[in-house]
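Engineer: coords please:
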Amino acid sequence: MLRGRSLAGQFLVFQLLVVAVVLLAVAAVSVAQSTREFRDVRGQRMIAVAENVASTPIVRERYADPFAAQLLAPEVDRAVALSGARLAEIIDPGGIVRASSDPSRIGGQVDLGPSRADEGRAWFGDRDIDGVHSLVGQVPILSTNGDVLAIVSVSEGYPSVWELLSGAGERLLVYLGLGAVLGMVTSWLLSRRIKRHTRGLEISEIASLADHREALLHSIREGVVGVNNEGVVTVLNDSAQELLGVDGSAVGRRVTEIGLDPAIVDFLLSGEDGRDVVIATRTRVLALNRRAATSQGQRIGTVTTMRDSTELAALQGQLSSHKSVTDTLRAQTHEFANQLHTISGLVQLGEFDAVRDLVGTLTRRRAEISDAVTQHISDPAVAALLIAKTSLAAESGVTLEIASDSHLAPLDPALATDVITVLGNLIDNAVDVSVGSSPARVVVRMNDADGLLISVADSGPGVPEHLREAVFARGVTSKPDVPGGRGIGLALVRLVTAQHGGSVEISDGPTGGALFVVRLPVAAMVNRAAHA
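Structural biologist: Numbering: from 1, shown residues only. Next up is the predicted model:
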């Protein structure tokens, strides 16, 4: 019946069905009320009629007469005529009918059932008489000493449901009219509202749009997250679930309740549009873009797209390492050029002894730097990085020291590459924040006795506790007066560390400044032992 109808038409049909159900309920209530009223009113009437018959002198005198049926017939017939009852009878205490308005019942046995009349009390209630559900009123005829001599019983059959409904006809017509009018008006208003909110689309069209929306959202390679004005996730496609490490149950829950990285939560809940913002979580580097979503001119939330930039960030880290090496070579080239110019001048002046002393001093200084690193660090790649960083730090006026208890055996080449990424970024950060301090010093400690421990202490201003998690996210730095932050260097440190199952912590340094400590588990060192 509903197939082929418009959405508004279907709602109209359903509304009319509701009206019909309401009317049936009203009819049932009306029947129940009428039945209760009939029982209460007519029950008292039956007792009153029975009391009137019981108080009649001839009934009291001749109830036991052998010809009681003929003598008392006028009395029981009059009771029926006056009360509108169906049946009036006089019954002895044993249940034998002595007189009745229905002659066929005279001499018959009556089951008094729950009646209290045989106990000397008036009673009315429901009984089946000759298969008819009836309302019965019974009053005892008592002797002077209170004994029950006989019982006057007056009964009336319950009206049928149709009779009860006919009796309540006016009320039902009012209910019917009100229900029909309200139903039609409500259906019309509801259909207009539905049509307006559904843009005039029918059910099949809405279902088709929903199917296409789901298919498109879940096939997009980029992650898509929709958040409404209350901070509740409304859309979360497959890619977003994978990138954020959550499942589909996050839809319908608040952003703060689904276990996202705090930096992601802050970004999703912030009100401004954000374009290509890079955020580093513990396991990924994500590039996010957020735009406000509106409907009919009203803001309904935000839509955030995201893509995995972890590999790009790793390449950026490697590029940063190469740039660092280039800067180191540039610094050394500048230093060597100055030294060669000095030597050339001394030769032109004929100061050969001064040339010999200068070359010896430079040789010893270079040897001291190399020895200070290589006597503790046996891995050539890491040692070369530390030697280069030492020269680069010196150019910035910062002393880079290797702790005396440091020790590092040769590493697996793949692990050495990651260690260089971690160590290079930590040293660059430490040197930058230490410039201008007194004394300007960075201390590096490495130990491979139990896994691999890397610590870098600087003499900078330190990192406040409330920023110690945020420095690993986007645009945050421990350096003062640096707008925009360091970029992604510290985020790479945490990312590379997490990939090896390790951890990175920040605390206050022993002499002020910040202390960064990276720990890689023993499992990460297995390849190193095999290589050694």
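
Engineer: which residues touch Ala514?
Structural biologist: Contacts for Ala514 were tallied using CB atoms under 8 Å, 6 or more residues apart in numbering; they are Ala430, Val433, Ala457, Asp458, Gly460, Gly462, Val463, Ser478, Ile506, Ser507, Asp508. For glycine as for every other residue, the C-beta is placed from the backbone atoms N, C-alpha and C.

Engineer: nearest to Arg86, of those residues?
Structural biologist: Taking CB to CB as the measure, Ile506 is the one of those closest to Arg86, at 98.6 Å.

Engineer: and that closest one, that one's in a strand?
Structural biologist: Yes. Counting by DSSP: H, G, I helix; E, B strand; the rest coil, Ile506 is part of a strand.

Engineer: just confirm it contacts Gly513, I think it does.
Structural biologist: No. Contact criterion CB atoms under 8 Å: Ile506 and Gly513 do not qualify, at 10.9 Å.

Engineer: quick one, which of these two is more surrounded?
Structural biologist: Neighbours were counted for Ile506 and for Gly513 using other CB atoms under 10 Å; Gly513 has more, 23 against 20.

Engineer: list the contacts for the more buried one?
Structural biologist: Counted by CB under 8 Å, 6+ apart, Gly513 has contacts Val433, Ser434, Ser437, Ala457, Asp458, Ser459, Gly460, Pro461, Gly462.

Engineer: repeat that with 7 Å
Structural biologist: Ala457, Asp458, Ser459, Gly460, Gly462 (CB atoms under 7 Å, 6 or more residues apart in numbering).

Engineer: what number of residues lie near the third one?
Structural biologist: Neighbourhood size, Ser459 [other CB under 10 Å]: 24.

Engineer: same check on Ile454?
Structural biologist: Neighbour tally, Ile454, other CB under 10 Å: 25.

Engineer: where's His341 relative to Gln348, distance?
Structural biologist: His341 is 11 Å from Gln348, where distance means CB to CB, to the nearest Å.

Engineer: where is the longest helix in the protein?
Structural biologist: For the chain, the helix that runs over the most residues, judged by DSSP state H, is helix 7-54.

Engineer: so which bits of the following helix or strand past that helix are buried?
Structural biologist: Tracing the chain C-terminally past helix 7-54 and defining elements by DSSP states H and E, one meets helix 57-62 next. Using 16 or more other CB atoms under 10 Å as the test for burial, helix 57-62 gives Val59, Arg62.

Engineer: how about stretch 226-243?
Structural biologist: Buried, per 16+ other CB under 10 Å, within stretch 226-243: 226-227, 231-237, 239-241, 243.

Engineer: any idea of the mean pLDDT for that stretch?
Structural biologist: The average pLDDT within stretch 226-243 is 85.

Engineer: show me the helices in the stretch 351-500 of the chain, by range?
Structural biologist: Assigned by DSSP state H, counting those that start in this stretch, the stretch 351-500 of the chain shows helices spanning 352-374, 380-395, 413-434, 489-499.

Engineer: which of the ones you listed sits closest to Thr304?
Structural biologist: It is, among these and with distance given as CB to CB, helix 489-499, at 18.8 Å.

Engineer: quick revisit: among the buried residues of stretch 226-243, which are in strands?
Structural biologist: Taking DSSP state E, the ones among these that sit in strands are Gly226, Val227, Val233, Thr234, Val235, Leu236.

Engineer: closest one of those residues to Ser153?
Structural biologist: Thr234 (73.6 Å).

Engineer: ok, that closest one touching Ala250?
Structural biologist: No. Counting by CB atoms under 7 Å, Thr234 does not reach Ala250; the two are 10.5 Å apart.

Engineer: ranges for the helices of the stretch 51-200 of the chain?
Structural biologist: Counting by DSSP H, counting those that start in this stretch, the helices of the stretch 51-200 of the chain are 57-62, 68-71, 73-83, 161-167, 169-197.

Engineer: least confident of those, on average?
Structural biologist: Among these, helix 161-167 scores lowest, with a mean of 64.

Engineer: what about Ser55, how many residues nearby?
Structural biologist: Around Ser55 there are 12 residues (other CB under 10 Å).

Engineer: quickly note the distance from it to Arg116.
Structural biologist: 19 Å.

Engineer: repeat that for Val522.
Structural biologist: Distance from Val522 to Arg116, by CB to CB: 94 Å.

Engineer: Asp450 now?
Structural biologist: Distance from Asp450 to Arg116, by CB to CB: 96 Å.

Engineer: show me which of those two is the more surrounded one.
Structural biologist: Neighbour totals were compared for Asp450 and Arg116, and Arg116 leads with 14 against 10 (other CB under 10 Å).

Engineer: the more buried one touches Trp123, doesn't it?
Structural biologist: Yes. Look at Arg116 against Trp123 with CB under 7 Å: they come within range, at 4.4 Å.

Engineer: helices and strands around the longest helix of the chain, which ones?
Structural biologist: Contacts defined by 3 or more CB pairs under 7 Å, 6 or more residues apart in numbering; DSSP states H and E place helix 7-54 against helix 73-83, strand 123-129, strand 132-142, strand 148-157, helix 161-167, helix 169-197.

Engineer: to Leu415, which of these lies closest?
Structural biologist: With CB to CB as the criterion, Leu415 lies closest to helix 169-197 of those, at 59.9 Å.

Engineer: leaving out the residues flanking it, which one is nearest to the residue nearest the centre of the chain?
Structural biologist: Nearest to the mean C-alpha position of the chain, by CA atoms, centre = their mean, lies Arg253 at 2.4 Å. Spatial nearest neighbour of Arg253, excluding adjacent residues (CB to CB, 6 or more residues apart in numbering): Val233 at 6.1 Å.

Engineer: hang on, isn't that neighbour packed against Gln241?
Structural biologist: No. The criterion here is CB under 7 Å, and Val233 misses it with Gln241 at 10.7 Å.

Engineer: circling back to that earlier point, for Ser155, which of the helices of the stretch 351-500 of the chain is the nearest?
Structural biologist: Of all the helices of the stretch 351-500 of the chain, helix 489-499 comes closest under CB to CB, at 91.2 Å.

Engineer: just the buried positions in the closest one, please.
Structural biologist: Result for helix 489-499 [16+ other CB under 10 Å]: buried residues Gly489, Leu490, Ala491, Leu492, Val493, Arg494, Leu495, Val496, Thr497.

Engineer: cool, stretch 135-145 as well?
Structural biologist: For stretch 135-145, by 16+ other CB under 10 Å, it's Leu135, Val136, Gly137, Gln138, Val139, Pro140, Ile141.

Engineer: where does the stretch 201-350 of the chain dip in pLDDT?
Structural biologist: Across the stretch 201-350 of the chain, the stretches falling below the confidence threshold (pLDDT under 70) are 201-219, 271-276, 310-339.
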